[in-house]
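S.K.: Sequence plus predicted model, see below.
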Amino acid sequence: MADIIQLLPDHVANQIAAGEVVQRPASVVKELLENAIDAGSSEVMLIVKDAGKTLVQVVDNGKGMSTTDARLSFSRHATSKIKMAEDLFQLHTKGFRGEALASIGAIAHVEMVTSDEEDQIGTEIRMEGGKIVSQEVTTCQRGTSIAVKNLFYNIPARRNFLKSNQVELRHIIDEFQRVALAHPGVGFDFYNNGSELFKLPATNIRQRIVHVFGPKTNEKLVPVEEETGVVKVSGFVCKPEFAKKTRGEQFFFVNDRFIKNSYLHHAVTSAFEGLIKDQTHPSYFLFLDVDPSSIDINIHPTKTEIKFDDEHTLYAILRSAVKHSLGQFNVAPILDFDRDSNLDTPYNYEGRSASMPAIEVDVNFNPFEKEPAKEKMSFSRSSRKPSGSWEQLYVGLEKSNDFSAIELESEEVTGSLFEKENEVSEATTYQLHKKYIVTTIKSGMVIIDQQRAHQRVLYEEYLKNITVQKGVSQQLLFPLNLNFSSVDIQLLSEMKDSLENTGFVFESFEKDTVVIIGIPINISESEVAIVLDQLLSDFQNEIPDSNFSQADMLAKTMCKTLAVRTGEVLNKASQEALVNNLFATKDPSVSPFHKPIYITMTVEEIDKRFL
Ligand code: ADP
Ligand code: MG
């Protein structure tokens with residue numbers, strides 16, 4: 001048999017290797033930023049166009065490269081950071097494999113301008129598909145600028161694989177934030193499509209966190225400080241009351257390198273045990289300094305995992321350090337989980353019905369009149385009062401009282417599903433343990449999870465509003481100014497249209513503030529910030545790829561935040577309305593989060609239990 005093994009040509013081998021280092025524009029951002037830090041820069045600028053698909057450029061004022069080094073830097077295994085294998089155990093730099101520039105050069109158009117001298121003489125190199133196509137002498141400041149254009153231009157399959165700009169930009173922001181948080185002493189500037197997304201002056205870590213995540217972060221931070229022979233722990237955790245329902249901002253840095261480690265994550269969350277509610281997550285920004293020889297950094301460049309020599313000790317130290325801080329700053333006792341749900345705003349179903357377009361607005365209302373027409377103008381939950389019989393509140397809803405029109409399941413339902421004689425009488429529903437609504441149906445009974453049922457009702461209502469655009473809005477007497485980080489502002493402005501369809505009216509989006517002058521009729525002013533915060537954290541966890549999924553996610557966030565919860569007392573009218581409206585939805589059986597909403601029990605089944 002003839003010999004069949006061949007060596008792959010260099011450019012093919014490089015492209016394959018590049019795929020491991022560069023998965024998406026964000027990988028380029030990470031590598032270039034880390035090189036800039038390794039070069040000792042004090043100011044770093046990141047410029048991105050089309051979420052990095054067209055351009056990722058990093059300009060630094062670091063030590064620069066000589067002409068020879070500039071050429072060499074694009075070769076595989078070309079690094080200035082280690083010389084011997086032993087150096088691996090004393091690493092203080094981010095890079096060391098000498099792979100990044102070679103990989104990026106193989107799959108993009110790269111322009112590098114660099115100078116290591118004060119006399120402004122430098123080198124300009126252009127690289128295409130792994131080959132240097134030009135090299136010139138140029139004038140430039142000391143430092144390096146590397147522009148990576150048309151990523152994956154020669155690997156269409158990879159290019160097509162990239163996600164929407166929104167998704168790719170989110171990845172870039174994540175990488176940027178990690179590097180920026182790890183190096184508060186370095187100033188960073190980040191421009192996206194010509195507009196400034198971040199301007200982070202060199203400062204301390206606390207201010208850096210605040211600059212990255214917005215001014216309201218400051219009051220949430222509790223410092224953590226601990227020094228032992230094994231590790232120095234510093235940084236901040238967020239006060240327990242600010243724990244988020246979705247994974248918040250959770251950052252570990254080991255020797256200024258962002259890492260993920262579920263074991264250490266557990267150490268931190270366990271320190272919060274008993275202080276935060278189930279299913280909420282504390283935010284933290286923790287820096288561990290360890291002896292470089294005690295960690296195995298010989299990991300893949302794109303991976304963020306890391307192995308420690310003595311994880312158990314680290315776990316214990318970290319946990320007690322966080323506990324100590326929480327105790328010292330006395331943040332524990334102010335929490336009160338057993339809040340009396342009776343003190344909560346009562347849930348008034350009438351304002352939230354899925355099909356109540358008629359809103360009475362008193363056009364003659366004058367807020368400066370002596371006796372404002374209170375009942376008429378205020379739609380906020382707290383001010384709504386049942387006025388007489390609940391049935392009066394349901395003008396326009398008669399249809400859903402017609403139980404016979406509802407098909408609950410495909411079982412042989414003949415005639416009316418619900419007992420006729422009980423149709424509107426108050427005895428038809430019963431609330432069990434502030435959690436379930438029990439009601440009779442012809443074949444027996446149905447037990448409905450109140451929270452999930454209401455989520456379904458609201459979800460369909462919002463989705464309809466967003467997609468067919470007719471959410472009704474209530475004007476605010478005084479505009480609501482809410483502070484957000486610049487990234488959050490950007491996200492919100494991308495969702496502006498959808499949000500307006502639900503009834504929000506935005507007056508302006510400024511650098512770190514949004515001004516809201518109208519809100520959907522069925523939410524109260526105090527709920528606005530909660531809804532928007534939830535929305536932002538949902539978007540951070542899962543960025544929708546299309547307009548529909550954006551609408552879907554928005555509807556989900558709103559129904560999740562605004563639905564009545566387990567533990568809330570519902571009066572009879574609300575119970576009945578909830579049942580009616582649930583069975584008027586498209587899919588009464590499952591919640592928007594794929595959980596069952598109700599179970600039925602037939603008389604036969606009940607009979608059997610009595611045998
Ligand atoms: P690594 O960072 O693993 O050494 P890279 O491929 O990222 O490998 O970079 C190769 C070399 O190019 C680096 O070791 C460094 O000497 C040089 N280099 C890259 N970027 C810069 C920069 N922004 N400033 C100065 N030198 C740089
Ligand atoms: Mg590098």
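M.R.: Happy to help now that I have it. Ligands and ions are numbered 1, 2, ... in the order given.
S.K.: so who does Ala182 touch?
M.R.: If you count contacts by Cβ atoms under 8 Å, 6 or more residues apart in numbering, Ala182 has them with 253, 256-258, 287. Every C-beta, even on glycine, is put in place using the N, C-alpha and C of the backbone.
S.K.: Can you show me the helices along the stretch 51-200 of the chain?
M.R.: Under the criterion DSSP state H, counting those that start in this stretch, helices of the stretch 51-200 of the chain are mapped to 67-72, 100-106, 156-161, 165-182.
S.K.: The first one: which residues count as buried?
M.R.: Buried residues in helix 67-72, defined by neighbour count with 16 or more other Cβ atoms under 10 Å: 67, 70-71.
S.K.: So what's the gap between that helix and the chain middle?
M.R.: For helix 67-72, the separation from the chain centroid amounts to 41 Å (computed by Cα atoms, centre = their mean, to the nearest Å).
S.K.: From the contact counts, what lies against it?
M.R.: Packing partners of helix 67-72 (3 or more Cβ pairs under 8 Å, 6 or more residues apart in numbering; DSSP states H and E): strand 121-128, strand 131-139.
S.K.: Give me the distance between the residue positioned nearest the centre of the chain and Ala267.
M.R.: Nearest residue to the geometric centre of the chain (Cα atoms, centre = their mean): Gln540, 2.0 Å. Distance, Gln540 to Ala267, using Cβ to Cβ, to the nearest Å: 23 Å.
S.K.: Pick the most deeply packed of the helices of the stretch 51-200 of the chain.
M.R.: Each of the helices of the stretch 51-200 of the chain was scored by mean neighbour count; the highest is helix 100-106, a mean of 25, by mean count of other Cβ atoms under 10 Å.
S.K.: Who are the packing partners of that helix?
M.R.: Short answer (3+ Cβ pairs under 8 Å, 6+ apart): helix 100-106 packs on helix 10-21, helix 25-38.
S.K.: any chance of the contacts of Ala182 in a markdown table, plus secondary structure?
M.R.: What follows is these, written out as a markdown table (DSSP: H, G, I helix; E, B strand; the rest coil):
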| residue | secondary structure |
| --- | --- |
| Phe253 | strand |
| Asp256 | coil |
| Arg257 | strand |
| Phe258 | strand |
| Phe287 | strand |
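S.K.: Just put these in JSON lines and tack on neighbour count, pLDDT and distance to ligand 2.
M.R.: Below are the contacts of Ala182 laid out as JSON lines (neighbours: other Cβ atoms under 10 Å; pLDDT from 0 to 100; distance: Cβ to the ion, whole Å):
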{"residue": "Phe253", "neighbour count": "20", "pLDDT": "95", "distance to ligand 2": "18"}
{"residue": "Asp256", "neighbour count": "16", "pLDDT": "91", "distance to ligand 2": "14"}
{"residue": "Arg257", "neighbour count": "19", "pLDDT": "89", "distance to ligand 2": "12"}
{"residue": "Phe258", "neighbour count": "19", "pLDDT": "92", "distance to ligand 2": "15"}
{"residue": "Phe287", "neighbour count": "19", "pLDDT": "96", "distance to ligand 2": "21"}
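S.K.: low-scoring stretches of the stretch 401-550 of the chain, by residue?
M.R.: Where the stretch 401-550 of the chain drops to pLDDT under 70, the residues are 401-427, 469, 542-548.
S.K.: Can I get the buried residues of helix 67-72 in a markdown table including pLDDT and distance to ligand 2?
M.R.: What follows is the buried residues of helix 67-72, written out as a markdown table (pLDDT from 0 to 100; distance: Cβ to the ion, whole Å):
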| residue | pLDDT | distance to ligand 2 |
| --- | --- | --- |
| Thr67 | 94 | 19 |
| Ala70 | 95 | 14 |
| Arg71 | 94 | 16 |
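S.K.: any idea which of those residues is closest to Val231?
M.R.: Closest approach between the buried residues of helix 67-72 and Val231, by Cβ to Cβ: Ala70, at 38.5 Å.
S.K.: The residue of the chain found nearest ligand 2: what's it in contact with?
M.R.: Nearest residue of the chain to ligand 2 (Cβ to the ion) works out as Gly95 at 2.6 Å. Residues in contact with Gly95, defined by Cβ under 8 Å, 6+ apart, are 31, 34-35, 38, 79, 81, 301.
S.K.: quick one: which of these is most hemmed in?
M.R.: Glu31 (26 neighbours; other Cβ atoms under 10 Å).
S.K.: And the pLDDT for the nearest residue to that one once chain neighbours are set aside?
M.R.: Distances taken as Cβ to Cβ, 6 or more residues apart in numbering put Ala100 closest to Glu31, at 3.8 Å, once the chain neighbours are dropped. Model confidence at Ala100, given as pLDDT, is 90.
S.K.: residue boundaries of the helices in the stretch 451-600 of the chain?
M.R.: Using DSSP H, counting those that start in this stretch, helices in the stretch 451-600 of the chain cover 486-494, 496-502, 525-541, 547-562, 572-583.
S.K.: nearest to Ser294, of these?
M.R.: Closest among the helices of the stretch 451-600 of the chain, using Cβ to Cβ: helix 525-541, at 32.7 Å.
S.K.: Which elements pack onto the closest one?
M.R.: Using 3+ Cβ pairs under 8 Å, 6+ apart: helix 525-541 touches strand 473-483, helix 486-494, strand 513-520, helix 547-562.
S.K.: quick one: the first one to helix 486-494, angle?
M.R.: Counting by axes from the mean of the first three to the mean of the last three Cα atoms, to 10 degrees, strand 473-483 lies at 160 degrees to helix 486-494.
S.K.: cool, and the longest one?
M.R.: Interaxial angle of helix 547-562 relative to helix 486-494 (the same axes, to 10 degrees): 110 degrees.
S.K.: I'd like the distance from helix 547-562 to the chain centre, please.
M.R.: That offset, for helix 547-562, works out to 13 Å (Cα atoms, centre = their mean).
S.K.: do the same with the first one
M.R.: Here the centre of strand 473-483 is set off from its chain's centre by 24 Å, with Cα atoms, centre = their mean.
S.K.: Within its sheet, name the partner strands of it and how each one runs.
M.R.: strand 513-520 (antiparallel) (DSSP bridges).
S.K.: Backbone dihedrals for the residue in the chain that ligand 1 sits nearest to, please?
M.R.: Residue nearest to ligand 1 within the chain (Cβ to the nearest ligand atom): Gly95, separated by 2.1 Å. Backbone torsions of Gly95, given as degrees, to the nearest 10, read phi -90, psi 160.
S.K.: Report the contact partners of Glu136.
M.R.: Contacts of Glu136 by Cβ under 8 Å, 6+ apart are 123-124.
S.K.: Please name the bridge partners of it.
M.R.: Bridge pairing for Glu136 - DSSP bridges - gives Glu124.
S.K.: thinking again about what came up before, out of the helices and strands packed on helix 67-72, which is the most enclosed?
M.R.: strand 121-128 (a mean of 20).
S.K.: In CSV: the helices and strands packed on helix 525-541, plus distance to ligand 1 and mean neighbour count.
M.R.: Shown next, in CSV, are those (distance: least, Cβ to the nearest ligand atom, whole Å; neighbours: other Cβ atoms under 10 Å):
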stretch, distance to ligand 1, mean neighbour count
strand 473-483, 35, 14
helix 486-494, 25, 19
strand 513-520, 35, 20
helix 547-562, 36, 20
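S.K.: Does the residue nearest to the centre of the chain touch Arg170 like I think?
M.R.: Yes. Contact criterion Cβ atoms under 8 Å: Gln540 and Arg170 qualify, at 7.3 Å.
S.K.: which parts of this structure sit against ligand 1?
M.R.: 31, 35-36, 39, 60, 62-65, 73, 78-81, 95-102, 144 (Cβ under 6 Å from any ligand atom).
S.K.: For this protein, give me the ranges with low pLDDT.
M.R.: Checking the chain against pLDDT under 70 turns up 88, 297-303, 330-427, 469, 542-548.
S.K.: and it, what are its domains?
M.R.: 10-200, 205-328, 429-598 (automatic domain parsing).
S.K.: For the protein, what lies in contact range of ligand 2?
M.R.: 35, 95, 100 (Cβ under 5 Å from the ion).
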